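Asker: Sequence and predicted model, in that order:
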Amino acid sequence: MSVSGFFGKAGLFFVKAARFVWTRFLCPVGTFFKRLWKHRKGRFGLIVVAALVFFALFAPLLTPYDPKTPSINEGYLPPSWTHLLGTDGNGVDILAQILYGTRVSLIIGLTSGLCVTLVGAFLGIVAGYYSKWAGGAIMRVVDVLLVIPTLPLMVILHKYVSSSYVMMIFIFIAFGWPGTARIIRAQVLSLKNGNYIKAAELFGAKRNYITRRHILPAVSHLLIMNCALASAGFMIAEAGLSFIGLGDPSAVSWGQLLVKAEGGAFTSRLWAWVLAPGAAIFFAVIGFMQIGYALEELLNPKIGGTGMTARAWGEATDAQIEEAEEQMREPSPEEAAAIREQVRSER
Amino acid sequence: MKLRYVLTRIFYALIILFVVISLNFLLPRLIFTDPAEPLLRGIPEDDLILRAAVRAEYGLDGSLFRQYFVYLGKMFTFDYGRSYVYKAPVFSVMFSKIPWSMILSLSAMLISVITGIHVGARAAKHRGKRPDKVLLGAATLTTALPSFWIALVFMMLLCFAVPVFPFRGAMTEGYSLTFHEWIFWIGVLLGVVAAGVSYYFTKKVFLLFVVPVGAFVLSALIAVPPADLADIAYHSILPIFVLCIGSIVSYALMVRNSMIAAVNEDYVTTARAKGLSERQVLFGHTLRNALLPMVTSIGMSMAGVFGGSVLIEKIFAWPGMGGLLLEAQNVGDFQLAQGIMFFYSFVTIVCNLLTDFVYHRLDPRVKLA
Amino acid sequence: MSLLEIKQLKIMFAGGGGKLLRAVENADLSIEAGESVALVGESGCGKSVTGFSIMRLLKTPPAIVRADRLTFDGADILTLPEPDMQAIRGRDIGMIFQEPSSALNPVMTVGKQVDEVFLRHRGLKQKEAREATVALFRDIGISAPERRYHQYPHELSGGMKQRILIATATACRPKLLIADEPTTALDVTIQAQILELLRELREKNKMSMLLITHDLGVVAHNAERVHVMYCGKIVETGRTAEVLTDPLHPYTKGLLRAVPRLGEKRDRFEQIPLSVPHPSAKPEGCYFHPRCSEACEACKKHMPPLMPVGKDGARAVRCWRSG
């Protein structure tokens, strides 16, 4: 094999590989984001989430303070130019904690949201389309898991597990998937009886093929919406659990900031300390929710929206009505007679 | 046919209950350390006799199997063990806390259901106009903000910035209350029986909701000395208000969406074509059908009515079930936490069962499984 | 004076984008006491909307209803106060709908749904209403009326549900029955029974009927006069027999050619080319001209008025080329 031939082959391989990555992966993702960007809600969500990712990645560059190092002399400071949102009881800058806290919220929200959706979708589709037996078993587990009260369970487990975010994510997934699985299964069951899937089965299509070509695309809008909303929900849940003492007290998170605020902010009247974490949670959740709604509107061609938008009945102005009535005007008998004469003569 | 359906559902619920009880027993034991450990903390290592006695008292001795059967037997005789903090049976500790939770959550639920229906119906009627836009905006706010943060902000405003309301507890501090629990529980029990009986004779579903609630209010009024009522009411205003905010919006949104779907149904047109007045159409057909999803939702939140809201009770230091759960966690009262978890699961299962029955009664299309 | 008189009825819908859709344009219609009149057309031509406007059941907004005259039994439906209109609905005018399964409230027993009419218009007590309903069920040929009374819609067949709806609509022996596609959703054998029932009721109660349908076969045996509607305009009207045997408007001719006939051998049914224009994109001139094989220059420019044909004034057609 000649050298140039070798390079030629390798070059061809690289071109092919690059084209594969481009067409199969980058292009769809690119158009996906482009479509999302064109949507009003989608653009808002993208901007917010991009900002959150930016804060999480570049937190050390955005604030000079460390979110963990206490400085005893600077406790309970009100907002000022040096500490924009003030400091907490240990003299730690609150803005720094908010910025670093983005990391915890994003990681917990995204990881649990994604995993819950994947697990729920997988088990939901298996339960709905593959095996009747496995389906029954899965749904029984769902029934039990939906009855078990999550919060007391977490309280019990917490006593025996060192509090860590890995554990929290694990429990979110363990108790989050049944809801998703139930929704997906219901959707799959109704799809399964659809004539086009029966037709595909009659033509000899394999189950995996039908799942890939018909079922997955049909539930994709539900999945994506579910993922976005679940991520948002878990971000709130993290704050709530931290607040009742089920989080990692040494971590820097929005929930932990609020726990400390309950202890110190009220009596020292540091309003920014309470308001800032709430605002941070609000923006993060809104960002994810807007992306979820936007994707649902884009991906679900049938309903074109969740009905969550306020749409008024059309109302017409008098001028419009007059115009329409004018358009309806018909020739008077005299005009009609004339036109009719003309038509007759032409014939 | 009907009886068979009811029996199947009950049987099914019992199986789930059994599974939950077993999980409740196994989870802490299998995965983690010895549940007796916090009990034995104060006792010297070498006092083996006392250690064994404590283990025996809490049913924590012998093999897992033995413990399991002892545990099962206790569950069926309503013996949920003893709380080490309160030095009393878990059962009675819980029953002294539940009324406090109910004061908050039941009032909040009543207020939010009624307000939610009104707001939702109004928004649906003026779809796209101001009431609707306000509701949708509020929905975005309340779903995106953690409820406990909203509570903190209101506390900050109304207890600290403008100190109008007390910020902790259910009564003025240093004040002991004579609360006749037994009167209360007998009243509630009578209410439940009365609801069943009145439903059996009249077949009016709303009695199943109205009679127990009435009994609860009445027995609470009787059980608490009148002088303390005002104090408790004053302390409960802010927590109830905070609890209402989120649930009003979610109920209203549900009513709005199902109303919008219902007004376009053909049967509503039929009802109008019969010459019924707008009021008759609304109450007889539109609202009636639009409220069906709410029955499920109320049924699901019934468990929360007994269990209380952990976050809100923590913020306002309210002496209810939620607070009890956190207390159990903080001091490591294992049996108490387990008892609470069993109680939550039990109430959830029973409420789901009842909801299924009521829903089936209201919507006969639901298949008899 | 006719029982129902409609002159120059115009119905418009305000769309979402500030656009006004014209659903019914300048429709004239009258029904004498005891008479049965059919309104025929394709779906979306405005025939159902016309029926709803007589009952004043259109939601306004988005609907806008204008007419030079819209009277029922001397009462002006356009200006009648709402309580008076409610008193007319169900008592003097009954209405039955296309889809019997969705026109009944699924969570109410059918008996209760019929009771409502008696409770509302006859002022009966609940118990009397129940007796009246059961008696009505028996009259209308519903088997086991006592048992049916307690059943829910999902437990009944489509034909039975339509009977219940007919019972509801005719409970107070109305002067006019508006039947909006009464047989479309039913099996052919059931269709015949339902039409037979309607005919009996009409004869017994001396009831007028406005039969709204797309089925020319139904029209032939059940209506004395017929109005053909296309794109919101009445394009041809006359006695049923005359219109069906000697259609004047190209659209009516097209419709009739598309009906299969017994004993006739054809490879293909003729169809009218193209499809019905969307209400927001109605063509200039005669709305039918893009689909009409006889269209001339005038048809493309001017909308023809409904021009009387013959001497007795019963026949009229909206076409420049006729006559």
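Answerer: All right, it came through fine.

Asker: Show residues contacting stretch C:6-15.
Answerer: For stretch C:6-15, the surrounding residues in contact (CB atoms under 8 Å, 6 or more residues apart in numbering or on different chains) are A:313-316, A:320-321, A:324-325, A:328, C:20-30, C:46, C:49-50, C:53-54, C:58, C:61-70, C:232, C:280. Glycine gets a C-beta too; all of them are placed from N, C-alpha and C.

Asker: Of the residues you listed, select the buried ones using a PyMOL command.
Answerer: Remark: buried members of the contacts of stretch C:6-15, expressed as a PyMOL selection using 16 or more other CB atoms under 10 Å in any protein chain shown:
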select buried, (chain A and resi 313+314+316+320+321+324+325+328) or (chain C and resi 20+21+22+23+24+25+26+27+28+29+30+46+49+50+53+54+58+62+63+64+65+66+67+70+232)
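
Asker: Which residue is the nearest non-sequential neighbour of whichever residue of chain C sits closest to chain B?
Answerer: For chain C and chain B, the shortest gap (CB to the nearest CB) falls at C:G90, measuring 3.3 Å. Nearest residue to C:G90 in three dimensions, chain neighbours excluded: B:G275, at 3.3 Å (CB to CB, 6 or more residues apart in numbering or on different chains).

Asker: and that neighbour, what pLDDT?
Answerer: B:G275 carries a pLDDT score of 84 in this model.

Asker: Could you look up the SS state of it?
Answerer: coil (DSSP: H, G, I helix; E, B strand; the rest coil).

Asker: what residues are up against it?
Answerer: Contacts for B:G275 (CB under 8 Å, 6+ apart) come out as C:86-91, C:117, C:120-121.

Asker: Can you flag which of the contacts of stretch C:6-15 belong to strands?
Answerer: Among those, DSSP state E puts C:20-30, C:63-66, C:69-70 in strands.

Asker: Any residue of stretch A:88-99 touching chain B?
Answerer: No: Stretch A:88-99 stays clear of chain B (CB under 8 Å from any CB of the partner chain), getting no nearer than 13.6 Å.

Asker: What residues of that stretch count as buried?
Answerer: For stretch A:88-99, by 16+ other CB under 10 Å, it's A:88-89, A:91-99.

Asker: among the residues you listed, which are in helices?
Answerer: A:94-99 (DSSP state H).

Asker: what's the most distant pair in these?
Answerer: With CB to CB as the measure, no two of these lie farther apart than A:I94 and A:L99, at 9.8 Å.

Asker: and the helix or strand where B:A194 lies, does that touch chain C?
Answerer: Here B:A194 sits within helix B:181-202, counting by DSSP states H and E. No: shown here: helix B:181-202 not in contact with chain C (CB under 8 Å from any CB), separated by at least 14.0 Å.

Asker: residues of that helix that come out buried?
Answerer: So for helix B:181-202, counting by 16+ other CB under 10 Å, buried means B:184-185, B:187-188, B:191, B:195, B:199.

Asker: so what secondary structure elements neighbour the helix or strand that it is followed by?
Answerer: Next along the chain after helix B:181-202, taking DSSP H and E as the criterion, comes helix B:206-223. Secondary-structure packing of helix B:206-223 (3 or more CB pairs under 8 Å, 6 or more residues apart in numbering or on different chains; DSSP states H and E): helix B:90-125, helix B:181-202.

Asker: Now do the buried residues in helix B:206-223.
Answerer: B:207-209, B:211-213, B:215-217, B:219-220, B:223.

Asker: What count of nearby residues applies to the closest residue to B:P319 other than its chain neighbours?
Answerer: Leaving aside its sequence neighbours, B:P319 sits nearest to B:W100 (CB to CB, 6+ apart; 5.1 Å). Here the count is done by other CB atoms under 10 Å in any protein chain shown, and B:W100 has 22 residues near it.

Asker: list the contacts for B:W100?
Answerer: B:170, B:308, B:318-321.

Asker: re earlier: distance of the residue of chain C closest to chain B from B:L218?
Answerer: 43 Å (CB to CB, to the nearest Å).

Asker: And for B:G73?
Answerer: Going from B:G73 to B:L218 by CB to CB gives 36 Å.

Asker: which one is the closest residue to chain B within the stretch 1-150 of chain A nearest to, not counting chain neighbours?
Answerer: Closest approach of the stretch 1-150 of chain A to chain B (CB to the nearest CB) occurs at A:P149, with a separation of 3.7 Å. Nearest non-adjacent residue to A:P149, counting by CB to CB, 6+ apart: B:Y344, 3.7 Å away.

Asker: Which helix or strand contains the residue of chain B most remote from its centre?
Answerer: Most distant from the centre of chain B: B:D46, at 45.1 Å, with distances by CA atoms, centre = their mean. For B:D46, there is no helix or strand it lies in under DSSP H and E.
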